[in-house]
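*Asks:* no sequence on this one, just coordinates:
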């Protein structure tokens, strides 16, 4: 079996949408037809975290790994004939500079298996060191495991950044006959998708972390609360659980040690607030997902009033590496107070979008420009980065030099949060972004606390006034005052952080608010009511892109002349503004 | 009704059952019918209002029948920044529906969803379980056409 060559096809959500399943099918059919299946193995791997449609690796003992990107089903025959039969890679389809740039700066620990192994195949997982940590942990005293996790400095990857080891310790110390372990896979922050990729690409790593946690705190039952928007992740988790039980890594009498630990999947039903730990537990108990007052913390009184350890997917996925390589190794990565690596979901107006795993302490600039390859449109400069989803904030490009570190980022008004990193350029309106997040949190507020329920709504209304051209100067004071009231007077993390997108944009982009209010102008060309839909001759380069983009025939243009917009035909769809690289439409 | 009774039997004597039970009921009917709520309430000695409270709290429960196909436009952060609002507007205009509504011919239900977790291919539209990445208005039109039906109400 050693000499077998491999064809790895990434079949994450993005790969599948671009036809990865079809690619796999054609590979298998063609190889069978040519009697090559004994020498070639086709592997369906999970998501590698880079959105280049269908990614394929061809690994041979002679040539090592050759990577293709944007492979279409129609390219497969060509790859087989030229590369697999004749040994000459298809140059046109080889992964380019961007691919290498994207992966070069990463140190993939948590994501090391994602996009490399078939997620359902437990043998591949164990052959790469999987479940070895569990074996080691089961032979180790639970207190020692907790000590190890604590010394590693691992902090919760779900948002708040609480020391994982400390949480484990509290749970261990809590006295109860029954304890629970919960994996929070309710990745609700719009713009974060690392948990989905881990669950889809390497589900066993999460299970392994949970069983180790169960052993450490003395729990025999675990739950994975996964959002229903991730059907693929749920499917792969379920498959992973049953095979792990079959092999004795999960269920009764794990690895013949007499220790038992069961895991069940709980499917969410669509509520952002359920990412908050107390709300999540209410939801598992079968009620509306409303948060509760803390203390008592879940470690003392959690699910069904029993001590409960609740950690995020990425946190659990880190555990096996800490147990295997030791806390010193983990603590050697990162900054003084933020250890290890963090996975960020890089998206928005940046060239390479996808998951990047980098050591804590890397600067935002490095992530966006080195790994991300800089602005998506060369001519439109970057303006800001939004970090931490609806609980986070927008940092202006002048702060791109700060390192990603829990404290450094929160000092500036954003948070690392779950790791969403949305890049924004000159064509993104910061007032509109603030409105976007507020609309989201206002509609997702569970309604328990008045400041959050009503206050967010009032703030959203004011932001609507501003973006629709009815803004007043006093609106800014109102937003600031209401924002700080909501932060101080709400019970859970949703209300405590929901005003952050407004407060951080007020702090760094006040001029844009002023432009909307005082000049009735949206500098980024996003707020429809404040756009005249006129071509600015001083900026127009006569390129005709707006003409090609317009579907209603409102743009008039001839080669070599400025474009014109016929207002009678214009439906204000903004397709022209999207297309224009020079911001010549205002 | 037999099917419903079977689902109910599966959940007897268990705890934390209401949400998965309702999910199964929705799987069966495509939505959660009012009558089913009363039956479940009676069988588990719950008050119907508690079940209705759960149905209205979670966005993935539906209390009315839905179209043959569900069009979801992602309005997560990345998709929003990449202009997905225009795509939602396009679908609303084309299908003559508002968010959450079903076209008159019953072919499409239009929904907004906040983040499908594939932000790298923003803006994203899904129809049923199929994902379409890097959408614009042109592509959105083509997708609708590929379903063979325009969803027009005329």
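*Replies:* Happy to help now that I have it. These figures come from a predicted structure and were not determined experimentally.
*Asks:* give me the low-pLDDT residue ranges for chain B?
*Replies:* Counting by pLDDT under 70, chain B contains low-confidence ranges at B:148-154.
*Asks:* which residue ranges of it form helices?
*Replies:* For chain B, the helices defined by DSSP state H occupy B:2-10, B:18-29, B:34-43, B:48-57, B:77-81, B:84-95, B:137-146.
*Asks:* next: the stretch 451-586 of chain A.
*Replies:* Taking DSSP state H, counting those that start in this stretch as the criterion, the stretch 451-586 of chain A contains helices spanning A:456-467, A:474-489, A:493-497, A:500-508, A:510-518, A:545-549, A:575-579.
*Asks:* out of those helices, which gets nearest to residue A:302?
*Replies:* Nearest of these to residue A:302, taken as CB to CB: helix A:493-497 at 16.0 Å. Using the backbone N, CA and C atoms, a C-beta is placed for each residue, glycine as well.
*Asks:* re the thing from before, can you redo the helices of the stretch 451-586 of chain A as a markdown table with mean neighbour count and distance to residue A:310?
*Replies:* Rendered in a markdown table, the data for the helices of the stretch 451-586 of chain A read as follows (neighbours: other CB atoms under 10 Å in any protein chain shown; distance: least, CB to CB, whole Å):
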| stretch | mean neighbour count | distance to residue A:310 |
| --- | --- | --- |
| helix A:456-467 | 20 | 25 |
| helix A:474-489 | 16 | 23 |
| helix A:493-497 | 23 | 13 |
| helix A:500-508 | 24 | 23 |
| helix A:510-518 | 18 | 38 |
| helix A:545-549 | 19 | 47 |
| helix A:575-579 | 21 | 42 |
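*Asks:* out of those, which is closest to residue B:131?
*Replies:* helix A:575-579 (21.2 Å).
*Asks:* who's in contact with that closest one?
*Replies:* If you take CB atoms under 8 Å, 6 or more residues apart in numbering or on different chains as the criterion, helix A:575-579 is touched by A:427, A:525-526, A:531, A:533, A:545-546, A:548-551, A:555, A:565, A:585, B:83, B:86, B:136-137.
*Asks:* quick one on the thing from earlier: let's have the helices of the stretch 451-586 of chain A in JSON lines, adding mean pLDDT.
*Replies:* Below are the helices of the stretch 451-586 of chain A laid out as JSON lines (pLDDT from 0 to 100):
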{"stretch": "helix A:456-467", "mean pLDDT": "98"}
{"stretch": "helix A:474-489", "mean pLDDT": "97"}
{"stretch": "helix A:493-497", "mean pLDDT": "94"}
{"stretch": "helix A:500-508", "mean pLDDT": "97"}
{"stretch": "helix A:510-518", "mean pLDDT": "97"}
{"stretch": "helix A:545-549", "mean pLDDT": "92"}
{"stretch": "helix A:575-579", "mean pLDDT": "89"}
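*Asks:* of the contacts of helix A:575-579, buried ones?
*Replies:* The neighbour-count test (16 or more other CB atoms under 10 Å in any protein chain shown) applied to those identifies A:427, A:525-526, A:531, A:533, A:545-546, A:549-551, A:555, A:565, A:585, B:83, B:86, B:136-137 as buried.
*Asks:* who touches the closest residue to residue A:145 other than its chain neighbours in this structure?
*Replies:* Leaving aside its chain neighbours, residue A:145 sits nearest to residue A:216 (4.4 Å; criterion: CB to CB, 6 or more residues apart in numbering or on different chains). Taking CB under 8 Å, 6+ apart as the definition of contact, the neighbours of residue A:216 are A:137, A:142, A:145-146, A:149, A:168, A:172.
*Asks:* let's have these in JSON lines, adding pLDDT.
*Replies:* Formatted as JSON lines, the contacts of residue A:216 follow (pLDDT from 0 to 100):
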{"residue": "A:137", "pLDDT": "97"}
{"residue": "A:142", "pLDDT": "97"}
{"residue": "A:145", "pLDDT": "97"}
{"residue": "A:146", "pLDDT": "97"}
{"residue": "A:149", "pLDDT": "97"}
{"residue": "A:168", "pLDDT": "97"}
{"residue": "A:172", "pLDDT": "97"}
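*Asks:* distance of the residue nearest to residue A:145 from residue A:124?
*Replies:* When distance is defined by CB to CB, to the nearest Å, residue A:216 is 26 Å away from residue A:124.
*Asks:* what does residue A:49 give?
*Replies:* 18 Å.
*Asks:* could you do residue A:359 as well?
*Replies:* Counting by CB to CB, the separation of residue A:359 from residue A:124 is 26 Å.
*Asks:* between these two, tell me which one has more neighbours.
*Replies:* It is residue A:359, of residue A:359 and residue A:124, that has more neighbours when counted by other CB atoms under 10 Å in any protein chain shown, with 20 against 17.
*Asks:* do I have it right that residue A:50 meets residue A:355?
*Replies:* Yes. If you go by CB atoms under 8 Å, residue A:50 and residue A:355 touch, sitting 7.4 Å apart.
*Asks:* and the two? which has more neighbours close in?
*Replies:* It is residue A:355, of residue A:50 and residue A:355, that has more neighbours when counted by other CB under 10 Å, with 32 against 24.
*Asks:* now that one, nearest residue through space, not along the chain?
*Replies:* Nearest non-adjacent residue to residue A:355, counting by CB to CB, 6+ apart: residue A:49, 3.0 Å away.
*Asks:* that neighbour and residue A:197 touch, don't they?
*Replies:* Yes. Under the criterion of CB under 8 Å, residue A:49 makes contact with residue A:197 at 5.4 Å.
*Asks:* what do the two both touch?
*Replies:* A:12, A:111, A:114, A:355.
*Asks:* list of residues touching the helix or strand of chain A with the lowest mean pLDDT?
*Replies:* Taking mean pLDDT, DSSP states H and E as the measure, the helix or strand of chain A with the lowest value is helix A:13-17, at a mean of 81. Around helix A:13-17, the neighbours that count as contacts under CB under 8 Å, 6+ apart are A:9, A:47, A:51, A:53-55, A:196, A:200, A:232, B:116-118, B:120-121, B:130-133.
*Asks:* swap in stretch A:393-413?
*Replies:* So stretch A:393-413 is in contact with A:155, A:161, A:334-335, A:337-338, A:342, A:344, A:358, A:360-365, A:367-368, A:381-388, A:414-416, A:424, A:430, A:433, A:500-501, A:503-505, A:507-509, going by CB under 8 Å, 6+ apart.
*Asks:* ok, and of those, which contact chain B?
*Replies:* Checked against chain B using CB under 8 Å from any CB of the partner chain, those yield the following neighbours: A:386, A:424, A:433.
*Asks:* tell me the most packed of the residues you listed, by neighbour count.
*Replies:* Using other CB under 10 Å as the neighbour test, those are led by residue A:386, with 30 neighbours.
*Asks:* who touches the strand or helix carrying that one?
*Replies:* Assigned by DSSP states H and E, residue A:386 falls within strand A:382-387. With contacts defined as CB under 8 Å, 6+ apart, strand A:382-387 is touched by A:191, A:348-350, A:364, A:368, A:374-375, A:392-397, A:400, A:409, A:414-417, A:420-426, A:428, A:430, A:433, A:501, A:508-509, B:77.
*Asks:* hmm, back to that, between the shared contacts of residue A:49 and residue A:197, which sits nearest residue A:323?
*Replies:* Of all these, the one with the least separation from residue A:323 (CB to CB) is residue A:111, at 18.0 Å.
*Asks:* phi, psi for the closest one please.
*Replies:* Note on residue A:111: its backbone torsions stand at phi -90, psi 10 [degrees, to the nearest 10].
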